[in-house]
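Undergrad: need a 3D model of the following:
(one chain, ligands or ions: 1)
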Amino acid sequence: MEANPLTVAQQQLDMAAEKLQLDPKIHAILREPTRVLEVSIPVKMDDGSLRVFKGYRAQHNDAIGPAKGGIRFHPDVTMDEVKALSMWMTFKCGVLCLPYGGGKGGVAVDPQTLSPAELERLSRGYMAAVAPIVGPERDIPAPDVGTNPQIMAWMMDEFSKVKGGVTYPGVVTGKPIIVGGSLGRSEATGRGCVIIIREAAKRLGIKLQGATAVIQGFGNVGSATALFLAKEGVKIIAIMEIDGGIYNPEGIDPLDLLEYRKKAGTINGYPGSRPIDNEELFSLECDLLVPAALENQITKENAGRVRAKLVAEAANGPTTPEADAILAERGITVTPDIMTNAGGVTVSYFEWVQNIMNYYWTEEEINSRLEQKMVAAFDSVYQMSQEYQVTLRMAAYMLSIARLAEAIKLRGWV
Ligand code: GLU
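TA: Next up, the predicted model:
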């Protein structure tokens with residue numbers, strides 16, 4: 001049976017709480033989001049019919065600052081998934097020392113099936129429905145699976161209209177540049193992943209030049225990660241997408257593959273490659289395995305077959321706790337999602353700061369601030385893992401929860 005992501009997030013929290021001997025009152029607060037909202041969004045379809053979509057927003061904890069996190073448009077979105085993703089956002093912001101708590105939203109929809117006009121009406125409908133609980137000082141959404149900068153622009157516009165016509169650029173991040181987006185945001189998650197991979201590889205003695213990588217997912221995060229890995233001289237031997245995967249032991253050029261997909265509409269049939277399925281993908285011998293798609297991909301069923309030296313979690317929640325234990329036992333290092341993919345929310349934070357200041361940084365400035373924050377996060381997580389002899393995931397949770405616990409105590413919640 002597929003693991004419920006909320007149960008997974010709670011198990012991860014429980015394990016770290018035990019190790020930290022966390023105050024049970026604080027532990028109880030952190031097991032559930034502070035606030036959740038479920039909405040029904042009626043959307044007029046192009047053919048004159050009406051469809052009502054289910055939408056959600058969860059705000060996990062605001063002890064350190066407003067809630068922050070993306071909005072997912074995907075057919076499998078549920079309240080529990082959104083709650084889990086909001087918890088992971090809290091811990092992610094903690095690892096990066098961002099002044100935020102976690103939030104997440106979602107709509108159960110396959111955005112591919114909507115026309116651009118229907119997508120716009122759904123995006124505006126979602127924002128209008130959650131507007132009472134979001135805002136630059138309360139909760140700041142951003143893109144996630146199935147959403148993009150255009151959707152963020154519509155949502156920012158809708159929020160500004162709902163609030164009486166004042167433009168609020170800081171209500172969402174991941175916007176297009178001209179309406180208050182930040183340079184470097186669109187590739188920030190991939191850039192951050194490769195910074196973490198580089199730091200972890202150094203500690204493991206893996207040379208990136210000539211190393212091999214397998215990537216599951218070729219969306220915003222997977223494709224940017226592939227491009228940055230290729231720049232480091234990594235050979236990408238397999239890539240998986242929703243409609244199939246490709247394998248070429250001689251290496252796949254991600255830039256050329258993007259061009260191919262633009263024309264073909266799929267990565268399938270890419271010259272020089274042969275098809276591959278998920279099962280084979282996860283068991284390929286390689287240096288780096290990068291899950292960059294959805295939750296629950298590395299499970300107790302396939303973890304025993306993974307033959308990578310390093311698993312870098314570009315997706316949120318790709319590894320179940322049982323799989324985590326198997327990988328650890330087999331000596332495979334995992335850089336956890338709440339650190340590895342934090343580059344996105346870090347540059348979202350920079351975007352929000354720039355919106356509030358109304359002063360915009362150069363791309364070099366953004367990238368160098370991102371580099372500093374990611375390296376600092378990796379160093380503290382790595383040091384913690386050495387000191388307590390725990391996995392990087394456990395160390396990341398411990399660091400983040402210790403900060404949160406301090407804030408919760410100082411605010412007098414327990
Ligand atoms: N959806 C992204 C994540 O899971 C980005 C969130 C943000 O930028 O706020 O980290």
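
Undergrad: which stretches in the stretch 101-250 of the chain count as strands?
TA: Along the stretch 101-250 of the chain, counting by DSSP state E, counting those that start in this stretch, strands occupy 101-108, 139-143, 212-216, 235-241, 244-247.

Undergrad: how about stretch 217-234 and the ligand, any contact?
TA: No. Using CB under 6 Å from any ligand atom, stretch 217-234 never reaches the ligand; the gap is at least 8.5 Å. To be clear about C-beta, it is placed using only N, CA and C from the backbone, and glycine gets the same treatment.

Undergrad: mean pLDDT, mean neighbour count and distance to the ligand for the strands of the stretch 101-250 of the chain - can I get that in CSV?
TA: Compiled in CSV, these are given as follows (pLDDT from 0 to 100; neighbours: other CB atoms under 10 Å; distance: least, CB to the nearest ligand atom, whole Å):
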stretch, mean pLDDT, mean neighbour count, distance to the ligand
strand 101-108, 98, 28, 7
strand 139-143, 98, 27, 3
strand 212-216, 98, 26, 16
strand 235-241, 98, 23, 19
strand 244-247, 97, 20, 23
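
Undergrad: dump those into TSV; add distance to T319 as well.
TA: Conversion of the strands of the stretch 101-250 of the chain to TSV gives the following (distance: least, CB to CB, whole Å):
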stretch	distance to T319
strand 101-108	19
strand 139-143	23
strand 212-216	12
strand 235-241	16
strand 244-247	19
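
Undergrad: out of these, which is closest to P318?
TA: strand 212-216 (7.9 Å; CB to CB).

Undergrad: got the angle for that closest one vs strand 235-241?
TA: Per axes from the mean of the first three to the mean of the last three CA atoms, to 10 degrees, the angle that strand 212-216 makes with strand 235-241 is 10 degrees.

Undergrad: among the strands of the stretch 101-250 of the chain, which comes closest to L6?
TA: strand 101-108 (11.4 Å).

Undergrad: distance between that closest one and the chain's centre?
TA: Taking CA atoms, centre = their mean, to the nearest Å, one finds the center of strand 101-108 at 11 Å from the center of the full chain.

Undergrad: what's the answer for stretch 329-348, then?
TA: Offset of stretch 329-348 from its chain centre (CA atoms, centre = their mean): 9 Å.

Undergrad: also stretch 92-112?
TA: Worked out by CA atoms, centre = their mean, stretch 92-112 lies 7 Å from the chain centre.

Undergrad: swap in stretch 223-237?
TA: In terms of CA atoms, centre = their mean, the centre of stretch 223-237 is found 19 Å from the chain centre.

Undergrad: how long is that stretch from one end to the other?
TA: One end of stretch 223-237 sits 14 Å from the other (CA to CA, to the nearest Å).

Undergrad: mind listing residues that contact that stretch?
TA: 186-187, 189-191, 193-194, 197-198, 208-215, 218, 239, 247-249, 251-255, 257-258, 284, 286-288, 290, 292, 314 (CB atoms under 8 Å, 6 or more residues apart in numbering).

Undergrad: can you check which of the strands of the stretch 101-250 of the chain gets nearest to P75?
TA: Checking the strands of the stretch 101-250 of the chain against P75 by CB to CB gives strand 101-108 as the closest, at 6.1 Å.

Undergrad: partner strands of that closest one, with direction?
TA: Paired strands of strand 101-108, with direction, are strand 50-59 (antiparallel), strand 67-74 (parallel) (DSSP bridges).

Undergrad: can you tell which of those is closest to P275?
TA: Across the strands paired with strand 101-108, closest to P275 is strand 67-74 (CB to CB), at 24.2 Å.

Undergrad: just after that closest one, pick out the following helix or strand.
TA: On the C-terminal side of strand 67-74, the closest following helix or strand by DSSP states H and E is helix 79-95.

Undergrad: and V290, its phi and psi?
TA: phi -120, psi 100 (degrees, to the nearest 10).

Undergrad: packed most tightly, which of the strands paired with strand 101-108 would that be?
TA: Greatest average neighbour count among the strands paired with strand 101-108 goes to strand 67-74 (a mean of 27), per mean count of other CB atoms under 10 Å.

Undergrad: beta partners for whichever residue of the chain sits closest to the ligand?
TA: Nearest residue of the chain to the ligand (CB to the nearest ligand atom) works out as G70 at 2.7 Å. The partner list for G70 in beta bridges (DSSP bridges) reads A142.

Undergrad: roughly how far apart are it and R307?
TA: 32 Å (CB to CB, to the nearest Å).

Undergrad: same check on V172?
TA: According to CB to CB, V172 stands 41 Å off from R307.

Undergrad: how about the residues of the stretch 301-414 of the chain by the ligand?
TA: So the stretch 301-414 of the chain meets the ligand at 316, 341, 344-345, 348 (CB under 6 Å from any ligand atom).

Undergrad: good, we can wrap up now.
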